[in-house]
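Trainee: model the following, please.
(2 chains)
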Amino acid sequence: MKKNDEFYVSYIEGSLGEKTKNRLKKFVFAAILFIVGAALVFALSQKEFKNSSFELSSDTKIIGIYHENPYPMLRVQLAENTYKNVLLLGFGKLSVNPYLKELKSEVGDLNGKKISIEGNLIYYNGKTLIQITDKEKVFLEAQTAFNIPKNELLSEMTLEGEVVDPKCYFGVMKPGNGKIHRSCAVLCISGGIPPVLVATDANNLSEYYLLTDIKGNPIHKDILPFVGKPSEIKGVVEKNEDWYTFKIDVSNIKLLDTPSNIYYDISMQ
Amino acid sequence: MGLSYKVVLWNNYKKNYDKIIVLGMLIYLVAFAVLTVVLNPETTVETLILRAFGSLAIVMLHIILVIGPLCRLDSKFLPILYNRRHLGVSMFIAALVHGVFAIIQFHSLGNVNPIYAVFTSNMDYGSLTNFPFQVLGFLALLILFVMASTSHDFFLGNLSAKVWKRLHMMVYIAYALIISHVFLGAFQQETSPFTIGILILGFLIVALLHLVAAYKERKVDVENTVEKEGWLEVCKISEIEEDRAKIFTIANERVAIFKYDGKLSAINNVCKHQGGPLGEGKIIDGCVTCPWHGYQYLPHNGQSPPPFTEKVATYQLKVADEMVYIHQEAFEEGTEVEPCNY
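Mentor: Numbers count the residues shown, from 1 in each chain, chains lettered A, B, ... in the order given. Model prediction:
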């Protein structure tokens, strides 16, 4: 240790000598410099955030035709012959089904029925979802059952992408994908949020596919080992207006040993 | 030194120390938040809080870890060590904000208990790149919690300095867990060479300072002593400064030999408070005074002056031909030994 004739004792007034004081000042200056430098490095190195939205503090009322494809959706008319299917979600990391249970027990089959829902909108890149937080804000608007367009069979396809939970991906969290978010996505999907495959093409344009089993039934638990990891998935693609459905056999999913493309496409969308 | 426990024994130095800690934390948080919001207006408050407090905790941990070796290399840094506990508790608070927010954000409001979810929502424990990094952060936070909650002198007194010191050496396990948490988590997705670089540089500085300090101290542990009829020849009288000490390793124990008022006395080098090096202290008002927190011992019996009760072991010395000799066997803590006149 370097020789120091000064000796600081906290309870002895004036024992903090000049040389020690100067050293402390230099240390504090260096520490502040390090703090400012680290703040610059950590803040400036963050990847760009998506321009997705989650209207947590404001409720929006939407009216449309309820249908399950196989996940609960509301077909909302935007203009003449123009419709948008809004994916319905529960509060937190849970399914919407508990919020619809009461109405279903009163009405029976809700498919094709016109209902109104008040909740928090989530939207990004052309897709809209709504979080319902109160079962008292779901109303039947008309007893009449309306026709819902059938799924249009497109083709068998092999797609590469990442399985995400759409609630976080389309707005609740930033980032709502990848390694950091994986545990959350697993909890969301196991809690009843529909799994969605985000596939990005060579031009960095993303498309979204609601995943079902090969018979078109909802899948949750079986897809969990593949959530948040780049994967290659084979299946049959169907289209229902603005949403694709991808019927898959989870035993055919191949994990890819690559970083997910969707890590890099955010700024391009 | 104290006979009773208070939450904090405030003095002006501690107040100024804490003001600088708060100022440093605010500078970091404001700089991080302003830059993030200006350059990335699409950010969310939750992500901002998580990242700001998580990165602040890491920055503070690096500052904390360099204080120890800096003090061993140059005693002018010792006043920073004096109140390091407040810096440690502040760092824990920053880490706690990050950890609690992460658990609320990523693991709560689901169909299982949030803490259970931390351990089970990702079961890829066998994979390095897919490893559940949250578990590492959670374990580090537990260690920091144990350290922060036992940082008070009450626990020092009741756990003993040895147990307390061992407990607080776990900061190195926490550091390893935190670095792994960041490299297996955030750095798998936010792959900037600058953030990775700053943490690698931080690790190298911390490791290098510890190695240099250990190398310098190694000299004390391998100091050549010559045994003559049960006595060890240690040094010349003139090698010890007045009111100061020289440290030697005798039978695997560090011993401080003090020179004062024409006398020599030897006591165990380890302070009973926090394990501070008494041999780097000074004789003040006739007492050996620890350089870390000013705990005092009488050199001829190793006892703290009444009413204090701390005691350290004493040793017998003799002088012949200007050379100092020490007997290898330590006396019971607090045993009176006639100082060696020269």
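Trainee: ok, which residues in the stretch 51-200 of chain A are in contact with chain B?
Mentor: A:51-52, A:54, A:91-94, A:173-175, A:178-184, A:186-188, A:190-192 (C-beta under 8 Å from any C-beta of the partner chain). C-beta coordinates here come from the backbone N, C-alpha and C atoms, glycine included.
Trainee: buried among those residues? Make that a ChimeraX selection.
Mentor: In ChimeraX, a selection of the buried entries from those looks like this (16 or more other C-beta atoms under 10 Å in any protein chain shown):
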select /A:52,54,92,93,94,173,174,175,178,179,180,181,182,183,184,186,187,188,190,191,192
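Trainee: the residues of the stretch 51-200 of chain A next to chain B in strands, which ones?
Mentor: A:Phe54 (DSSP state E).
Trainee: end to end, how far does stretch B:116-134 reach?
Mentor: 12 Å (C-alpha to C-alpha, to the nearest Å).
Trainee: contacts for it, please.
Mentor: By C-beta atoms under 8 Å, 6 or more residues apart in numbering or on different chains, the residues outside stretch B:116-134 that reach it are A:179, A:182-184, A:186-187, A:229, B:102-103, B:106-108, B:110, B:112, B:135, B:138, B:180-182, B:184-185, B:188.
Trainee: which ones among those residues map onto helices?
Mentor: Secondary structure from DSSP state H places A:179, A:182-184, A:186-187, B:102, B:135, B:138, B:180-182, B:184 of those in helices.
Trainee: chain center to the top strand by length along chain B, what's the gap?
Mentor: In chain B, with assignment by DSSP E, the single longest strand is strand B:253-260. Strand B:253-260 has its C-alpha centroid displaced from the chain centroid by 23 Å (C-alpha atoms, centre = their mean, to the nearest Å).
Trainee: list the contacts of the residue of chain B found nearest chain A.
Mentor: At 2.8 Å from chain A, B:Leu109 is the closest residue in chain B, using C-beta to the nearest C-beta. Each residue near B:Leu109 by C-beta under 8 Å, 6+ apart is listed here: A:Phe91, A:Gly92, A:Lys93, A:Leu94.
Trainee: try 6 Å
Mentor: Residues in contact with B:Leu109 (C-beta atoms under 6 Å, 6 or more residues apart in numbering or on different chains) are A:Gly92, A:Lys93.
Trainee: out of the ones in helices among the contacts of stretch B:116-134, who's nearest B:Trp164?
Mentor: B:Phe138 (23.8 Å; C-beta to C-beta).
Trainee: what's the burial count for the closest one?
Mentor: For B:Phe138, the neighbour count with other C-beta atoms under 10 Å in any protein chain shown is 19.
Trainee: any idea how far it lies from B:Tyr175?
Mentor: 15 Å (C-beta to C-beta, to the nearest Å).
Trainee: what does A:Ile148 give?
Mentor: 58 Å.
Trainee: what helix or strand is A:Lys19 located in?
Mentor: Under the criterion of DSSP states H and E, A:Lys19 resides in helix A:18-44.
Trainee: can you tell me which helix or strand of chain A has the lowest average pLDDT?
Mentor: Every helix and strand of chain A was ranked by mean pLDDT, DSSP states H and E. The lowest is strand A:138-145, at a mean of 91.
Trainee: now the element after that strand, going C-ward?
Mentor: Following strand A:138-145 in sequence, per DSSP H and E, is strand A:152-164.
Trainee: check which helices and strands that next one is in contact with.
Mentor: strand A:196-200, strand A:230-240 (3 or more C-beta pairs under 6 Å, 6 or more residues apart in numbering or on different chains; DSSP states H and E).
Trainee: quick one, which of those is nearest to A:Val250?
Mentor: Of all the helices and strands packed on strand A:152-164, strand A:230-240 comes closest under C-beta to C-beta, at 8.7 Å.
Trainee: and the contacts of the closest one?
Mentor: A:69, A:151-154, A:156-160, A:162, A:244-248, A:252-256, A:258, A:260.
Trainee: so what are the sheet partners of the helix or strand following that strand and their directions?
Mentor: Per DSSP H and E, strand A:230-240 leads on to strand A:243-248 as the next helix or strand towards the C-terminus. Paired with strand A:243-248 in the same sheet, following DSSP bridges, are strand A:206-213 (parallel), strand A:230-240 (antiparallel).
Trainee: can you lay out the helices and strands packed on strand A:152-164 as TSV showing distance to B:Phe154, mean pLDDT and mean neighbour count?
Mentor: Compiled in TSV, the helices and strands packed on strand A:152-164 are given as follows (distance: least, C-beta to C-beta, whole Å; pLDDT from 0 to 100; neighbours: other C-beta atoms under 10 Å in any protein chain shown):
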stretch	distance to B:Phe154	mean pLDDT	mean neighbour count
strand A:196-200	54	95	23
strand A:230-240	52	95	18
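Trainee: same list, these, but as TSV with distance to B:Ala266 please.
Mentor: Compiled in TSV, the helices and strands packed on strand A:152-164 are given as follows (distance: least, C-beta to C-beta, whole Å):
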stretch	distance to B:Ala266
strand A:196-200	72
strand A:230-240	67
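Trainee: outline the domain layout of the chain.
Mentor: Defaulting to chain A. A:53-145, A:152-268 (automatic domain parsing).
Trainee: other chain: chain B
Mentor: According to automatic domain parsing, chain B comprises the domains B:12-220, B:226-341.
Trainee: with mean pLDDT as extra columns, can I get the ones you listed in a markdown table?
Mentor: Listed next are these as a markdown table, based on pLDDT from 0 to 100:
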| stretch | mean pLDDT |
| --- | --- |
| domain B:12-220 | 94 |
| domain B:226-341 | 92 |
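Trainee: any chance of those in JSON lines, with distance to A:Val196 too?
Mentor: JSON lines is the format used below for the domains of chain B (distance: least, C-beta to C-beta, whole Å):
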{"stretch": "domain B:12-220", "distance to A:Val196": "18"}
{"stretch": "domain B:226-341", "distance to A:Val196": "55"}
